[in-house]
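*Asks:* Just need the structure, nothing else, for what follows:
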Amino acid sequence: MRRMLLAADVLALAVSFVTVELVFRSVRGNRDAMAFETEFALFFLSIPGWIVLAKLYALYDRDEERADHSTGDELLGVFHLVTVGAFVVFAGSWLTGVVHPTPGKIVSFWALAVVTMTVARASARVLCRRRPAYVQNAVIVGAGDVGQLIALKLLRHPEYGINLLGFVDARPKERHPGLGDLTILGEPADLQALVEALGIDRVIIAFSNDRHDETVDLIRTLGELNVCIDIVPRLFALLGRNTGVHNVEGLPLMALPRPAFPRSTLLIKRTTDILVSSAGLVLFAPLFVVIAVLIKLDSPGPVLFRQTRMGKSGNTFELYKFRTMTADAEARKADIAELNKHALEDGDPRLFKVPDDPRVTRIGRPLRRYSLDELPQLINVLRGEMSLVGPRPLILDEDRHVVDWRRQRLAVKPGMTGLWQVVGRDHISFEEMVELDYRYVADWSLVDDLGLLLRTLPAVTRERSVY
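*Replies:* Residues are numbered from 1 along each chain as shown. Predicted coordinates for the structure are as follows:
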């Protein structure tokens, strides 16, 4: 992965530089051919400096450390890298007097490099994660409720590149039926031998019944085996991306950020919503027409489906979607209630999802498969009822189950996408979804919004059941 990312960075920087040089050269003609050749040489001599700078920004190490790391998580780092690197390279050129790049060329290279490097790194990750050599063998220490919950989540996300082999626990709980063939591989005392025998690359420490000092000794022993170690903190439900770590005389403390919504930041978010939703409605207008015609030809009924949802501060609004079910779908809901997968044993009856729902139309299936039915929500965003990113917009029957601290999710507008869309979509439980929404509100930032937007496209194109 490191080599792929390094190659992607070099390729992106080279493409950006060459493109800008050729564009400016075509505009000016061949009058400054010598200057162009000198700039080419100086830039390629600076490549090692770019790589060192990227290493200082930890842009090559996070994939190994974090299973869910994505290009969206490093947008700020890429932005800083290109900004600092471009300033140093071009400032050095000016100070030495060898070449004199124009401000237009500097800005053009900077803007293009940010985009090309982001795209190149995302492409490198896609290619690398398809290779068997990228996959990490992993075990979970602790087969209790938390350990099994982690296993279920990892099994739902093969794109993380983790091959979960099983659990290590002396006193495991009864196994969840969704874990398939995962078994108990041994006890914590056997872990060192298991790492060597099974070629384990990552060990996840969940809650076990071992004593604190025994767990600490185990982790310190693993540190000698060159494996990645993940530790589930005791109060994991309260910790988010913006949790800070400080210490008092060497004792680490985790600082939870206070939810803050500065007016200036909210203004930027709203401005972005207006610009992107307006552009999206114009850009997708031909697609809207095609989808509308297909819906009308496929089954009788309106093109748009409207449904009352709970919005910010407890205000309701009408959410727009392309109709993907028969016109009498709501009237038939009671007839298929027994097919609700969440009403089965170990399910959550607060959610209503029917696999292979007979009410879904032929054109409705591909629309739901790729979330194209949700595009009309751009109208809701433009009207200020929703945002591009935010908590899931719940129907009123679901919202009545959201109580106590969970209602803090209504502090912001619901979104077309969010943590619930990127992390689990239809697979997460109601309680998990509400907790994700709470975590989004508690950790909210514009940078995280941008990262979630970039992670949404891969999420909607992954295999998804049609409900």
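*Asks:* ok, and what's touching stretch 290-306?
*Replies:* Contacts with stretch 290-306, where a contact means Cβ atoms under 8 Å, 6 or more residues apart in numbering, come from 318-327, 361-364, 367, 372-373, 376. For the C-beta atoms, the positions are set from N, CA and C on the backbone; glycine is no exception.
*Asks:* secondary structure element for residue 108?
*Replies:* Using DSSP states H and E, residue 108 sits in helix 103-128.
*Asks:* who does whichever helix or strand comes after that helix touch, helix- and strand-wise?
*Replies:* The first helix or strand that comes after helix 103-128 along the chain, using DSSP H and E, is strand 136-141. On a contact count with 3 or more Cβ pairs under 8 Å, 6 or more residues apart in numbering; DSSP states H and E, strand 136-141 meets helix 145-156, strand 162-168, helix 191-198, strand 202-205.
*Asks:* With only the CA atoms kept, save strand 136-141 in PDB.
*Replies:* What follows is strand 136-141, C-alpha atoms only, in PDB (Å, rounded to 0.1, in the frame of the first residue of the first chain):
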ATOM      1  CA  GLN A 136      -4.600  -8.900   7.000                       C
ATOM      2  CA  ASN A 137      -5.200 -12.000   9.100                       C
ATOM      3  CA  ALA A 138      -6.800 -10.900  12.300                       C
ATOM      4  CA  VAL A 139      -8.100 -12.300  15.600                       C
ATOM      5  CA  ILE A 140     -10.300 -10.800  18.300                       C
ATOM      6  CA  VAL A 141      -9.300 -11.200  21.900                       C
END
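*Asks:* could you give the angle of it to strand 162-168?
*Replies:* Counting by axes from the mean of the first three to the mean of the last three Cα atoms, to 10 degrees, strand 136-141 lies at 30 degrees to strand 162-168.
*Asks:* Low-confidence stretches in this structure?
*Replies:* Confidence mapping of the chain against pLDDT under 70 gives the ranges 27-38, 97-100, 130, 132-133, 338, 340-351, 424-427, 459-467.
*Asks:* Please tell me how far residue 283 sits from residue 323.
*Replies:* The gap separating residue 283 from residue 323 is 22 Å, by Cβ to Cβ, to the nearest Å.
*Asks:* more crowded one of these two?
*Replies:* Neighbours per residue (other Cβ atoms under 10 Å) separate residue 283 from residue 323, with residue 323 holding more: 25 against 10.
*Asks:* got a list of what residue 54 touches?
*Replies:* Shown in contact with residue 54 (Cβ under 8 Å, 6+ apart): 6, 9, 60, 81.
*Asks:* let's see it at 7 Å
*Replies:* 9, 60, 81 (Cβ atoms under 7 Å, 6 or more residues apart in numbering).
*Asks:* Closest one of the residues you listed to residue 254?
*Replies:* Nearest to residue 254 out of the contacts of residue 54 is residue 60 (Cβ to Cβ; 26.6 Å).
*Asks:* Count the neighbours of the closest residue to the closest one other than its chain neighbours for me.
*Replies:* Once flanking residues are discounted, residue 60 sits nearest to residue 2: 4.6 Å by Cβ to Cβ, 6 or more residues apart in numbering. Neighbours of residue 2 under the rule other Cβ under 10 Å: 13.
*Asks:* for residue 239, same thing?
*Replies:* 16.
*Asks:* Kindly report the same for residue 173.
*Replies:* 14.
*Asks:* just the CA coordinates of the helix or strand containing residue 293, formatted as CSV?
*Replies:* Applying DSSP H and E as the criterion places residue 293 in helix 285-298. The C-alpha trace of helix 285-298 is given here as CSV (Å, rounded to 0.1, in the frame of the first residue of the first chain):
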residue,chain,number,x,y,z
ALA,A,285,-32.1,17.2,-14.9
PRO,A,286,-31.8,14.9,-18.0
LEU,A,287,-31.5,11.9,-15.8
PHE,A,288,-34.6,13.0,-13.8
VAL,A,289,-36.6,13.1,-17.0
VAL,A,290,-35.4,9.6,-18.1
ILE,A,291,-36.2,8.1,-14.7
ALA,A,292,-39.6,9.9,-14.6
VAL,A,293,-40.5,8.4,-18.0
LEU,A,294,-39.4,4.9,-17.0
ILE,A,295,-41.4,5.1,-13.8
LYS,A,296,-44.6,6.1,-15.6
LEU,A,297,-44.1,3.4,-18.2
ASP,A,298,-43.4,0.7,-15.6
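*Asks:* That one: how far from the chain's middle?
*Replies:* 30 Å (Cα atoms, centre = their mean, to the nearest Å).
*Asks:* From residue 156, how far out is residue 177?
*Replies:* 15 Å.
*Asks:* what do you get for residue 259?
*Replies:* 29 Å.
*Asks:* Next: residue 136.
*Replies:* Counting by Cβ to Cβ, the gap from residue 136 to residue 156 is 17 Å.
*Asks:* same deal with residue 232?
*Replies:* 17 Å.
*Asks:* Please, which helix or strand holds residue 257?
*Replies:* Short version, using DSSP H and E: residue 257 is in no helix or strand.
*Asks:* May I ask you to confirm that it is in contact with residue 241?
*Replies:* No. The pair residue 257 and residue 241 does not pass the contact test of Cβ atoms under 7 Å, sitting 9.6 Å apart.
*Asks:* Name the residues contacting each of these two.
*Replies:* Contacts common to residue 257 and residue 241, judged by Cβ under 7 Å, 6+ apart, are residue 443.
*Asks:* And the helices in the stretch 251-400 of the chain?
*Replies:* Using DSSP state H, counting those that start in this stretch, the helices of the stretch 251-400 of the chain run over 263-283, 285-298, 364-369, 377-382, 396-399.
*Asks:* Tell me the buried residues in the helix holding residue 293?
*Replies:* Under the neighbour-count criterion of 16 or more other Cβ atoms under 10 Å, helix 285-298 has 288, 291, 294, 295 buried.
*Asks:* Ok, stretch 323-340 next?
*Replies:* Neighbour count says stretch 323-340 has 323, 324, 325, 326, 329, 340 buried, by 16+ other Cβ under 10 Å.
*Asks:* all strands for this protein, in order.
*Replies:* Applying DSSP state E to the chain gives strands spanning 136-141, 162-168, 183-186, 202-205, 228-231, 244-248, 251-255, 304-310, 316-322, 387-389, 415-417.
*Asks:* Dump those to TSV, plus distance to residue 268 and mean neighbour count.
*Replies:* Converted to TSV, the strands of the chain look like this (distance: least, Cβ to Cβ, whole Å; neighbours: other Cβ atoms under 10 Å):
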stretch	distance to residue 268	mean neighbour count
strand 136-141	38	22
strand 162-168	36	21
strand 183-186	50	16
strand 202-205	37	22
strand 228-231	34	16
strand 244-248	23	8
strand 251-255	25	9
strand 304-310	25	17
strand 316-322	23	18
strand 387-389	12	25
strand 415-417	15	25
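*Asks:* Out of these, which is closest to residue 352?
*Replies:* Closest of the strands of the chain to residue 352 is strand 304-310, at 12.6 Å (criterion: Cβ to Cβ).
*Asks:* where's the closest one relative to the chain centroid, distance-wise?
*Replies:* With Cα atoms, centre = their mean as the basis, strand 304-310 stands 26 Å off its chain's centre.
*Asks:* Pull up the gap between residue 57 and residue 244, please.
*Replies:* Taken as Cβ to Cβ, the span from residue 57 to residue 244 is 19 Å.
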